[in-house]
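Colleague: Need coordinates for the following:
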Amino acid sequence: MRSPIERLIDATKPDVAYMIGFFQADGHLSQGSQNRGKFTLELNKRDEHILYSFQELVPCYSSVIPRHRDTNFKDDCDTSTLTISDWGYRTALNEIGISYGKKSASMRPITVEHSRYDYFRGHLDGNGSVGNTEKGYPFISLTTFSDHIAAAYKQLILETTGMVNKASRNKRDNIFNIVMFREDAQTVIEKLYYKDCLSLNRKNEAAQIALLWVRPAHWRVKSTQRDWTSDQDEFIMGHSINVSMEYLKRSKKSIQIRLWRLKKNV
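Modeller: This is a model prediction of the structure:
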């Protein structure tokens, strides 16, 4: 049986999971006296279509208000802001993992059951990029301050591609910039930006263009070698080779060699 919060925010539904990911990545939840807080999400005017989609998903009153102003980055900036003041819905957002105040490095994936690809597409539309590089090949990247969001996204990449992403905090901003390129990027993009998914129009269009890329014939064939993780090492040490082959999607020879290396400590 679902809890009252899960009934209010059913993140097993793809569109809701995407919305909550976007809310967590780019929204702001404030808490005032006498329950006078609000949730706001401000986007460039070009992306306001997604705010109207969110209005249809939120089970309480909300507003979308346009704004024209000068910012620290640009003069004559046109934006639109989604505002939700309902106390019950704001409380639910906070209880599933959207913090009050500024986005925190301690942000964690939401605590309710959710559709993970849709949830992370929300994070990517809020704090990521997708498309083709200047040299023409595909990429997808997520930026985050949170160790927990970074770890969860890297796990999603591992499960999707079989590749270990070793991105760490950069020295300039102390944030994670988790990037995938070429075929690995396409594999992730295809899972995230599937047909008719709810997303920012411009990022979905860039994603579909990225999926059209084909490795030039003269390029070296992509290596299929995959690094081993400590979790995978622990798994094969505690399970049979056949079970490990099925669970990790690795060959018998690969697992046998890895077991030999672990036992010999080489």
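Colleague: ok, now which ones touch residue 53?
Modeller: 15, 19, 198 (Cβ atoms under 8 Å, 6 or more residues apart in numbering). C-beta coordinates here come from the backbone N, C-alpha and C atoms, glycine included.
Colleague: Show only the entries of these found in strands.
Modeller: Of these, none are assigned to strands by DSSP state E.
Colleague: most neighbours, which of those?
Modeller: Of all the contacts of residue 53, residue 19 has the most neighbours under the rule other Cβ atoms under 10 Å, reaching 25 neighbours.
Colleague: That one against residue 57, yeah?
Modeller: Yes: the pair residue 19 / residue 57 is scored as a contact, 5.4 Å apart, by Cβ atoms under 8 Å.
Colleague: Which strands and helices lie in contact with the longest helix along the chain?
Modeller: Longest helix of the chain, by residue count under DSSP state H: helix 147-161. In this structure, helix 147-161 packs against helix 116-127, strand 138-144, strand 176-181, helix 182-192, with contacts taken as 3 or more Cβ pairs under 8 Å, 6 or more residues apart in numbering; DSSP states H and E.
Colleague: Mind putting the ones you listed into a markdown table with mean pLDDT?
Modeller: Output for these, formatted as a markdown table (pLDDT from 0 to 100):
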| stretch | mean pLDDT |
| --- | --- |
| helix 116-127 | 98 |
| strand 138-144 | 97 |
| strand 176-181 | 95 |
| helix 182-192 | 96 |
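Colleague: who wins for proximity to residue 11 among these?
Modeller: helix 116-127 (6.9 Å; Cβ to Cβ).
Colleague: Show me which positions of that closest one end up buried.
Modeller: Buried residues in helix 116-127, counted by 16 or more other Cβ atoms under 10 Å: 116-127.
Colleague: now the angle between helix 182-192 and it, please.
Modeller: Helix 116-127 runs at 110 degrees relative to helix 182-192, counting by axes from the mean of the first three to the mean of the last three Cα atoms, to 10 degrees.
Colleague: can you list contacts of the helix or strand following helix 116-127?
Modeller: Downstream of helix 116-127, the next assigned helix or strand under DSSP states H and E is strand 128-132. If you take Cβ under 8 Å, 6+ apart as the criterion, strand 128-132 is touched by 124, 138-143, 189, 193, 203, 206-207, 209-210, 213.
Colleague: Let me know the closest of these to residue 109.
Modeller: Once Cβ to Cβ is applied, the member of the contacts of strand 128-132 that ends up nearest residue 109 is residue 142, at 12.8 Å.
Colleague: So, low pLDDT: which residues of the chain?
Modeller: 1, 71-73, 221-225, 266 (pLDDT under 70).
Colleague: List the contacts of the residue nearest the centre of it.
Modeller: Closest residue to the average C-alpha location of the chain: residue 120 at 2.4 Å, with Cα atoms, centre = their mean. For residue 120, the contact set (Cβ under 8 Å, 6+ apart) comprises 21, 142, 152-153, 156, 192.
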